[in-house]
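>>> I'd like to go over a predicted model; first the sequence, then the structure.
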Amino acid sequence: MAPTKTKDTLLGTLDLLILRVISHEPKHGYGIARRIEQISDNILNVQQGSLYPALHRLEKKAFIQSKWETGDSNKPIKMYSLTKDGARQLEEEIAHWKLASAAVNTVINEA
Amino acid sequence: MSSELTRWLRLRWRSLFRPRVKEDELRREVQFHLDQLVAEKMADGMAPAEAREQAIKEFGGMDQYIEEVRDSWRPSFLRDILHDLRYSFRQFRKAPSFTLIVILTVAVGIGASTAIFSIVNSVAFQPLGYANPEQLVEIRQEWPDRRNGVTPLRVTMEELQERAAVFSEVAGYGSLHGNMTGVGIPVRVFGNSVTLNYFSALGVKPMLGRDFLPEEGIEGKSDVIILNHAFWRDHFNADPAVINTTVFINGRPYTIVGVMPEGFRTEPGSPKAFTPLVTNPIVTFQRYLRSVIARLKPGQTVEQAQAELDVLSQSLQATDSELWKDLKLRAVPMLDYQVGDTRPTLFLLLGAVGFLLLIACVNVANLLLARTSSRQREIALRTALGADRRRVIRQLLTESVFLASLGGISGILLAYGTMSVLLSFAPVNLPRVDEIKLDGFALLFSSLLTILTGIGFGLVPALQASKVDLHTALKDGGRTGGGGRRSTRLRNGLVITEIALALTLLIGSGLLLRTFTNLMSTDLGYNGDDLYAERVMHLPDKYPDNDSRIEFALRALDQIATKPEILSAAFSSGLPYYGSRGARLDIESRSNPDADELPFVRVVSVTPDYFRTLGNTLLRGRHFDDHDRQDGQPVAVVTEEFVRRHFPDQDPIGQQVALVENESREWREIVGITNDMKWTGIAPKPASIVFVPYVQYATTGHPQAVVRVRPGAANPGPMVAAAIQAVDDGMPMTHEMSHIKVFDGNSIGTQKFMLFLFSVFSTIALLLAALGIFGVMSYTVSQRTNEFGVRIALGASAGDVFKIVFLHTAKLVTVGLIIGTLSSLALTQLLESVLFGVDPHDLRTIGVMGLGLIFVSALSAYLPARRACRVDPMVALRAE
Amino acid sequence: MKSLRTDLLQGTLDLLILKTLSTAQLHGWDIAKRIAIVSSDRLTLKQGSLYPALHRLENKGLIEAEWGVSEAGRSAKFYRLTRAGRKHLAVERTEWNAFAQAMANVLEMEEEQ
């Protein structure tokens, strides 16, 4: 099925968002999604189907690392945190976003 | 709006039918872009080759983009459908047993119900081919106490014509049979002698020639005959030139004046020819009408006709209360008459089919529901990965419709196949059996129903599933029942429904099975195996007086007996299911001179070997033998029922009785008591019969030959004909005899057919129900694998888990059984008319069938339950 | 220098095309030029990807095309916005702005606690 181009796909900013959200403190997958939604007033809607593949991908690239912790209900929870490489990647992603979004803004906001 | 539409259409049109033009345009468009790019690079001072290379690099893979554009040309609807179909197909290949079960279920549901519906529809509901058939009624005369008497219906027909204002036309017919000569091989003809208005009352005209003329009802002018189509085809080679030629019936000349159109029929076993009924008919024609039909005036109802008939029979009784005592005239719609007593049977079948179809639908619904819920993860994932919700739903719908259609196609094939198989089990006397064909409407109906089921039950879970977000699905999917509580409840409800339906059908079939065994275990009083009978010849032409007929019959019998295949043979005036004459009975010891007060008995004249041929048992005294001569002591053999009725406290042997047909009374001595026979059917009480020696009783002109052949031997008709023609080569013969079982078709044949169909249905129902339970239970188990794993990890024993699964099934089955029992108690009441020797609420049947269903349910829950308790906790937990 | 992903641009391509066509009837090359600002060296959106997007939008009835003659005198396919396209542009634009604002919120968020 051809993916439709909507804001739901986050226009490739998912990695950036993930890295950004865990840059302050480690979070589990669900927490990451919730946090993104929360801060963006639900405009950035993280599809679960892309969150976990993204986490997996980022971990493989060593931008993030994970650790099992015990949660409130004694259940083991996987917590993700930023690595040093990840912090660098985050910078880069932010720069890219700024550049690209500025470009888009230039085009669409011209009179 | 319209310009948008035209643009859209133009686009679609071009993409569908002018792909080359579009492709060309695209290439030109892209080429232009590239050229511009190259030109720009060269303007910047690049060498042409380098510019070109750079341009292509900047542009990206040209072919890839062209391919991408081309993809978008294909109308997306078609493309999506194709895609969905391919996807569905992959899904089916991933779950072949699920697919097969659904297809089978649908196929069986559609196939069986279409086949049966077709039979019922052709037999019971198809119009008769008469003009305005709803206006036609058969008028029947019910005369409870005088059933044995021959009823002069003609009198009432005249009354009807004059006095019943509801009818526009009243017509009737009597029997015509005789030997037809002048057509090559002499043939026996069974036909009708009809009133002159008979065809016009039915609204049918001859296909060739003409209808009877008014003057042809008068003696001397009535020697005309109209042939029925099949007879004309078989014996006159469908030759139109037969009109105005002459044939002979019993030696008397008749001019053929017409041929009826193909398919014209009046009753089961359509008559071969029609002659006009004359007011003063000749002897070989039965003097009385067999049937009276009437056409209602437009706007009049059967009820109104009945009301007038009631008034009429009351006024007849007022004129002569003795003569018309207990007379009841009934108006029966023609269709009812023609389909007759098989209608309740057919309706029952229809009901059974309905149940089967329902069970199939419930099963399909259940399977689809279970499957879709189990795919919620997959669906949620796809939605999350950007698939449009509508597309996901469409995909699921495509899948269920695709499945249902596959099932439907198999069902149609199955229906075609089953029709002939089912009909090969049909009793010979099933009305209009030759007109049965696969019914398009039935096919459409059951196909629609199943496909709707497919859509309905594919859609509900699809809608549900596509809404579930991945997080919940992933979390719940592994651990809990899956699909949420609502769909679990729905599934449980469906299992309960299925069990209830299956039980009802099972109880119905159980009752019929009991009926059937009761019927089969009923002693008929004779042995019908290898027994053939027919009125093979018509004597009066060549043997006008009684003595010469008897002499010829005995010589013929001797000839027949010489044939090695024939174990024994006899002539008689009556056989079981063939009917017999009646007479009033006087008993010497308490003789009553007033003949009208004497009771009726059946009288059957037989040659000595009759009892041996039928396999009767002599209870007391003796059967007939060759010493009972025409001029000897008149004797009689009676049945047990006769003794019970007429000599309850006396020894009948040696008693003198007389059979009063005229005023004369010839006393004859009862010399033997033979066992009772089921004479008119299985359910009615045995008949009270007086047998008399063939030679001692004025015989009819066409005796019944009855022949017992060596077990498994072929139809003895040709052999018998040859034997008789060896005595007189000019004797017209019927070359076919009928197996006696054909005639008990009404009681045993139909029951057998019914039972056969019902057992097919209930077996299928049971299988489907088992399948349903199995499907749902194994689905539930697989959904709860995780939970079971945890339980086992936490110390639950395998037995505990087994119990959970089993108890769950038990709960559903119990509720299903309760509902099923209640509904069957209500519904089996409808079976009452076809049951024999068993109560519609027979507890034993309900119990046995209930237990059977419990057993099957337990069996189908066992495997999943076992799988559940073998769950490896490690594997189960990792399944997340 | 790692090559940056193109999905952001790809995702906004429809918006960019619609916006570009909102002021003039243009052929593909012109459109590419007008939005060239986003296809700078670091943003690796291939020009070819414009064409699938154009055809998709045409199929949806958001833009329509006809053959004409370019300034250079060659025949070229010219696109223009339809009424539906104009409406859609407004929607896309609003959505983009909301999205960009949301992104900004996330990037500038102060972590609680």
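Looks like it came in fine.
>>> by mean pLDDT, flag the weakest helix or strand of chain A.
Here the helix or strand of chain A ranked lowest by mean pLDDT, DSSP states H and E is helix A:48-60, holding a mean of 80.
>>> next secondary structure after that helix?
As assigned by DSSP states H and E, the chain's next helix or strand after helix A:48-60 is strand A:64-70.
>>> now do that next one: which elements does it pack against?
helix A:48-60, strand A:76-82 (3 or more Cβ pairs under 8 Å, 6 or more residues apart in numbering or on different chains; DSSP states H and E). C-betas here are computed from N, CA, C, even on glycine.
>>> now distance to residue B:32 too, for those, in TSV please.
TSV is the format used below for the helices and strands packed on strand A:64-70 (distance: least, Cβ to Cβ, whole Å):
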stretch	distance to residue B:32
helix A:48-60	38
strand A:76-82	48
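>>> residue B:616: which of those is closest?
Each of the helices and strands packed on strand A:64-70 has some distance to residue B:616 by Cβ to Cβ; the shortest is helix A:48-60, at 84.6 Å.
>>> name the nearest residue to the closest residue to chain B within chain C, ignoring sequence neighbours.
Across chain C, the shortest distance to chain B (Cβ to the nearest Cβ) belongs to residue C:46, at 2.9 Å. Leaving aside its sequence neighbours, residue C:46 sits nearest to residue B:60 (Cβ to Cβ, 6 or more residues apart in numbering or on different chains; 2.9 Å).
>>> what's the burial count for the one you found?
17 (other Cβ atoms under 10 Å in any protein chain shown).
>>> which one of the helices and strands packed on strand A:64-70 lies nearest to chain C?
helix A:48-60 (11.4 Å).
>>> before we move on, back to that, isn't the residue of chain C closest to chain B right next to residue B:62, touching?
No - counting by Cβ atoms under 8 Å, residue C:46 does not reach residue B:62; the two are 9.9 Å apart.
>>> show me the contacts for the residue nearest to residue C:46.
C:46-49 (Cβ atoms under 8 Å, 6 or more residues apart in numbering or on different chains).
>>> wait, which of the residues you listed is closest to residue B:624?
Relative to residue B:624, and with distances defined as Cβ to Cβ, the nearest of the contacts of residue B:60 is residue C:49, at 108.3 Å.
>>> any idea how far that closest one is from residue B:627?
116 Å (Cβ to Cβ, to the nearest Å).
>>> what does residue B:351 give?
58 Å.
>>> okay, these two: which has more neighbours?
residue B:351 (16 against 11).
>>> pick out the residue nearest the middle of chain B.
Centroid-nearest residue in chain B, with Cα atoms, centre = their mean: residue B:119, separated by 4.7 Å.
>>> name the residues of the strand or helix carrying it that are buried.
Residue B:119 is part of helix B:96-120, with elements assigned from DSSP H and E. Neighbour-count burial for helix B:96-120 flags B:98-99, B:101-120 (criterion: 16 or more other Cβ atoms under 10 Å in any protein chain shown).
>>> next one: stretch B:608-618
Buried-residue list, stretch B:608-618, by 16+ other Cβ under 10 Å: B:608-611, B:613-616.
>>> what is the neighbour count of residue B:597?
9.
>>> quick one: pLDDT of residue B:54?
In this model, residue B:54 is scored at 82, pLDDT.
>>> spatially nearest residue to it, not counting backbone neighbours?
Residue B:54's closest residue in space is residue B:41 (Cβ to Cβ, 6+ apart), at 5.4 Å.
>>> now swap in residue B:252 and tell me
Distance criterion Cβ to Cβ, 6+ apart; nearest residue to residue B:252, sequence neighbours excluded, is residue B:223 at 6.9 Å.
>>> confidence score at that neighbour?
Confidence score, pLDDT, at residue B:223: 87.
>>> so what's it up against?
B:252-255.
>>> tell me which element the residue most central in space within chain A falls in.
Nearest to the mean C-alpha position of chain A, counting by Cα atoms, centre = their mean, stands residue A:18 at 2.2 Å. Element membership for residue A:18 (DSSP H and E) is helix A:14-21.
>>> touching chain B at all, that helix?
No - Helix A:14-21 lies out of reach of chain B by Cβ under 8 Å from any Cβ of the partner chain, never closer than 11.9 Å.
>>> how close does the residue nearest to residue B:252 get to residue C:56?
89 Å.
>>> give me the number of residues near the residue of chain A found nearest chain C?
Among the residues of chain A, residue A:12 lies closest to chain C, at 3.1 Å counting by Cβ to the nearest Cβ. Residue neighbour count, defined by other Cβ under 10 Å, stands at 19 for residue A:12.
>>> what's the answer for residue B:441, then?
For residue B:441, using other Cβ under 10 Å, the count is 11.
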